[in-house]
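In: fold the following, please.
(one chain, ligands or ions: 2)
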Amino acid sequence: MNFTDQEIAKESTRLFEKLQHVGWSEPDCQLIAPLTLEINQLKKKRNAVILAHSYQTPDIMYGVADYLGDSYALSMRARETTANIIVFSSVYFMAETAKILNPQKTVLVPAIAGCSLADSITADDVRGLRKAHSNAAVVTYINTTAEVKAESDVVCTSGNALKIIEGMRENEIIFIPDEFMAKNLQPLTKKKLTPWKGRCIVHEEFSSEAVKEIRQEYPQAKILAHSECAPSVIKEADMMGSTEQMLRYVDTSDADVFMLATECGLSDRVRTEKPGKKIVGSCALCPYMKKIMLKDILQCLQSPRPEQIVELPKDIIKKAQKALNKMIKIVSL
Ligand code: 13P
Ligand code: SF4
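Out: Ligands and ions are numbered 1, 2, ... in the order given. Here you go, the predicted model:
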């Protein structure tokens, strides 16, 4: 598609206003402007919506995304959208969740991106756990495949896990697949949680030593940690939660220095959207989330390859929908 110099200049200015906060130069923005223009034009023409997780790169988040959010907020957007096509700029399990919640839509993924948690457990494993703990309810973190969700009683996200656990009538809970999240939640509930051995390879990189160093160097800093971090990290943090809850904390806190023990995309969001707040310490990159690039979004909107169209068996959709709808019901109570 051909755009005029004036259109490209206007688009680069729009991009630069946002991306300068995360180190992009004006020439960088000029370079991607034709791409974001084309994606945004095609998006309108095809009645598509682009949902992007907060761990996506800033050119995607501020160039083409219609909505940014955590896994719960994006799932709700997918469920409610009136667009014909959902382009899910994130890891595969989130796109599958969109398909389960709104099966008549076409759901596209720009790249096939896994997740170490989703890869850590199979539907067979869940059936085995059920056999071994017959009185327990299966509470499954959303970072799992559709097949695993279909074997579960209820799904939860990092933002509502405790509410979901408390909302189940069973006192024994098989909490899968994030071992650290189960261990972080155990002291907050009287119910008995049986964990699985899944780990997030990104959040397990954070150490309590690194957090303590930041505390010493910046005593005024608030330290926020994602609930996928190790219990020793959570112990040192001022707050534990989902990416959305971490953003809200930054937004409403009087403090102006923060460490975010999570993926780097979230620090990019704070730097861009709340330039008055300072981020210290290091973040970690998710190799799965960072697989997705602007050019992939354009390609899948132009002509998706078969593997970029999310399709699921009807019985899996039906069973997984039940577990997701139960989460939505408990959240609304
Ligand atoms: P959130 O739902 O908190 O955004 O978490 C998703 C995720 O993959 C964290 O690693
Ligand atoms: Fe999965 Fe961890 Fe990446 Fe989130 S950050 S998508 S849990 S590997």
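
In: could you dump stretch 312-319 to CSV, C-alpha only?
Out: Taking Å, rounded to 0.1, in the frame of the first residue of the first chain, the C-alpha atoms of stretch 312-319 are listed here in CSV:
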residue,chain,number,x,y,z
LEU,A,312,-10.4,-26.2,18.5
PRO,A,313,-12.6,-29.4,18.7
LYS,A,314,-16.2,-28.6,19.7
ASP,A,315,-16.2,-30.8,22.8
ILE,A,316,-13.0,-29.2,24.1
ILE,A,317,-14.6,-25.7,23.5
LYS,A,318,-17.7,-26.8,25.4
LYS,A,319,-15.9,-28.3,28.4
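
In: mind listing what's buried along that stretch?
Out: For stretch 312-319, burial by neighbour count (16 or more other Cβ atoms under 10 Å) applies to 312, 316-317, 319. Placement of C-beta: from N, CA and C, glycine included.

In: just the strands in the stretch 101-250 of the chain please.
Out: Along the stretch 101-250 of the chain, counting by DSSP state E, counting those that start in this stretch, strands occupy 106-108, 137-141, 154-156, 172-176, 192-195, 222-226, 239-241.

In: now those strands as TSV including mean neighbour count and mean pLDDT?
Out: Formatted as TSV, those follow (neighbours: other Cβ atoms under 10 Å; pLDDT from 0 to 100):
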stretch	mean neighbour count	mean pLDDT
strand 106-108	22	98
strand 137-141	26	98
strand 154-156	27	98
strand 172-176	24	98
strand 192-195	16	98
strand 222-226	24	98
strand 239-241	20	97
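
In: closest one to Cys300 among those strands?
Out: Of all those, strand 106-108 sits nearest to Cys300, with 4.7 Å by Cβ to Cβ.

In: counting by contacts, list what the closest one packs against.
Out: strand 85-89, helix 92-101 (3 or more Cβ pairs under 8 Å, 6 or more residues apart in numbering; DSSP states H and E).

In: contact partners for the nearest residue to Ala255 once chain neighbours are set aside?
Out: Ranked by Cβ to Cβ, 6 or more residues apart in numbering and with sequence neighbours excluded, the top spatial neighbour of Ala255 is Lys222, at 4.6 Å. Shown in contact with Lys222 (Cβ atoms under 8 Å, 6 or more residues apart in numbering): 238-239, 249, 253, 255, 257-259.

In: so which residues make contact with stretch 89-97?
Out: Residues contacting stretch 89-97 (Cβ under 8 Å, 6+ apart): 50-53, 55-56, 60, 64-65, 71, 74-75, 78, 86, 88, 107-110, 112-115, 118, 142-146, 149, 288-289, 292, 297, 310, 312, 324.

In: of the buried residues of stretch 312-319, which belong to helices?
Out: 316-317, 319 (DSSP state H).

In: give me the neighbour count for the residue in the stretch 201-333 of the chain that ligand 2 sits nearest to.
Out: Nearest residue of the stretch 201-333 of the chain to ligand 2 (Cβ to the nearest ligand atom) works out as Cys286 at 3.4 Å. Around Cys286 there are 22 other residues, counting by other Cβ atoms under 10 Å.

In: Thr243 is in contact with that one, correct?
Out: No. Cys286 lies out of contact with Thr243 (Cβ atoms under 8 Å); the separation is 11.4 Å.

In: joint contacts of these two?
Out: Common neighbours of Cys286 and Thr243, using Cβ under 8 Å, 6+ apart, are 55, 263.

In: bridged to the residue nearest to Ala255, which residues?
Out: With DSSP bridges as the criterion, Lys222 is bridged to Phe258.

In: how about the residues of the stretch 1-150 of the chain near ligand 2?
Out: 91, 115-117, 143 (Cβ under 6 Å from any ligand atom).

In: ligand 1 next: which of these are close?
Out: Okay, of those touching ligand 1 (Cβ under 6 Å from any ligand atom), that's Asn143.

In: of the residues of the stretch 1-150 of the chain next to ligand 2, closest to Gly276?
Out: Val91 (31.0 Å).

In: ok, that closest one - how many residues close by?
Out: Neighbours of Val91 under the rule other Cβ under 10 Å: 25.

In: for Cys29, same thing?
Out: Look at Cys29: counted by other Cβ under 10 Å, it has 23 neighbours.

In: wait, it sits on Ser12?
Out: Yes. Checked against Cβ under 8 Å, the pair Cys29 and Ser12 is within contact range at 4.3 Å.

In: residue numbers of the stretch 151-300 of the chain in contact with ligand 1?
Out: Remark: the part of the stretch 151-300 of the chain in contact with ligand 1 comprises 157-158, 200, 226, 228, 242-243, using Cβ under 6 Å from any ligand atom.

In: list the buried residues for stretch 79-88?
Out: Residues 79, 81, 83, 85-88 are the ones in stretch 79-88 that count as buried (16+ other Cβ under 10 Å).

In: so which of these comes closest to ligand 2?
Out: Distance ranking of the buried residues of stretch 79-88 against ligand 2, using Cβ to the nearest ligand atom, places Phe88 first at 12.6 Å.

In: OK, contacts around the nearest residue to Gln41 once chain neighbours are set aside?
Out: With sequence-adjacent residues excluded and distances taken as Cβ to Cβ, 6+ apart, Gln41 is closest to Met1, at 6.8 Å. Neighbour list for Met1: 34, 37-38, 41 [criterion: Cβ under 8 Å, 6+ apart].
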